[in-house]
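**Q** attaching a predicted model along with its sequence, questions to come.
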Amino acid sequence: MERTLVITKPDALQRNLLGEIIGRLEKKGLKLVGMKMMSIDDLKVEEHYSHHVDKPFFASLKKFMQSSPVVCMVWEGNEAVAAVRLIAGETKGSEADAGTIRGDLSMSVQANVVHVSDSVENANLEVARFFEKDEIFDYKKLDMHYVYFGDDE
């Protein structure tokens, strides 16, 4: 089973979209194994968005990500990274397909409601960046045999 990170950004929290986002991931059959609300400090923003630090929009991105608390979540499932990326949609909300989180709930590239991991490798790094091992839970979810069947299990 893969694990992936989802961060509901400040716009999601301010617009009361947390339940909608969680609901979509739950309906897909993904398992929530970690969740916490937090403010992101300078170091964490710079580490998480290190690939953008030298870009002209970084100061704006940093200000946005620190404008309100965020909710960080770890989701688990077969091919969880790809599944969450599909549900989230394209980065720029105005270009994301209808039916995706960003396509239905955002218009912006920055205020696009969620950050989702873009690869299994990055998911592992991002989960470790935002969660201690004891903040991630391993438990039996009773409906999993209805989500995965036969060869999928």
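**A** Arrived safely. Numbering: from 1, shown residues only.
**Q** okay, how far is it across stretch 30-43, tip to tip?
**A** 30 Å (Cα to Cα, to the nearest Å).
**Q** name the residues of that stretch that are buried.
**A** 30-31, 33-35, 40 (16 or more other Cβ atoms under 10 Å). Every C-beta, even on glycine, is put in place using the N, C-alpha and C of the backbone.
**Q** contacts for that stretch?
**A** Applying Cβ atoms under 8 Å, 6 or more residues apart in numbering, the contact partners of stretch 30-43 are 3, 22, 25-26, 48, 62, 65-66, 69-77, 80, 83-84, 127, 130-131, 135-139, 141, 144.
**Q** among these, the buried ones, what's the PyMOL command?
**A** Command for PyMOL, covering only those of the contacts of stretch 30-43 found buried under the criterion 16+ other Cβ under 10 Å:
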select buried, resi 3+22+25+48+62+65+66+70+71+72+73+74+75+76+77+80+83+84+127+130+131
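**Q** hang on, the earlier thing: farthest pair in the buried residues of stretch 30-43?
**A** Of all pairs drawn from the buried residues of stretch 30-43, the greatest distance, 24.7 Å, lies between 31 and 40 (Cβ to Cβ).
**Q** nice, that's everything, thank you.
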